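Asks: sequence? don't have it. structure:
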């Protein structure tokens, strides 16, 4: 977190490690009471109302964002395309809301660029 009105000045006390230092942050989305951080090593939640009480919680270490531009916020949830298909991320959990199917399973699925959702 930077100093007030100085986005280029970040005091060392305002640096919060999230996940592995080797894993890049792919996207950050704001919910009503927290930030959802999507990294190469999982999905994390940052909440608190001042730097003194910020808390980082890993929501899921197995879900990895596949398309950075697929992230959308709707009704205090984050939706994104991940390695486990489309997921809904809330303040408390990550929930799979669709499944990726193969060409043999297509049937009435909607397909685009070798990814089919039903």
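Replies: Great, that's in hand. Keep in mind it's a predicted model, so treat the numbers as computed, not measured.
Asks: From residue 85, how far off is residue 45?
Replies: 21 Å (CB to CB, to the nearest Å). In short, each C-beta sits where N, CA and C put it, glycine included.
Asks: Those two - which one has more neighbours?
Replies: Neighbour comparison, residue 45 and residue 85: the larger count goes to residue 45, with 21 against 17 (by other CB atoms under 10 Å).
Asks: strands paired with the helix or strand containing the more buried one, and their directions?
Replies: Assessed by DSSP states H and E, residue 45 sits inside strand 42-47. With DSSP bridges as the test, strand 42-47 is paired with strand 34-39 (antiparallel), strand 55-60 (antiparallel).
Asks: for the ones you listed, which one sits closest to residue 28?
Replies: strand 34-39 (5.3 Å; CB to CB).
Asks: who touches that closest one?
Replies: Outside of strand 34-39, the residues within contact range by CB atoms under 8 Å, 6 or more residues apart in numbering are 18-20, 23-30, 43-47, 56, 59, 65, 71, 78, 80, 89, 91.
Asks: pLDDT below threshold where in this protein?
Replies: By pLDDT under 70, the low-scoring segments of the chain are 1-4, 7, 9-10, 13-14, 100-118.
Asks: If the residue positioned nearest the centre of it is in a bridge, with which residues?
Replies: Nearest to the mean C-alpha position of the chain, by CA atoms, centre = their mean, lies residue 38 at 3.3 Å. Beta-bridge pairing for residue 38 (DSSP bridges): residue 27, residue 43.
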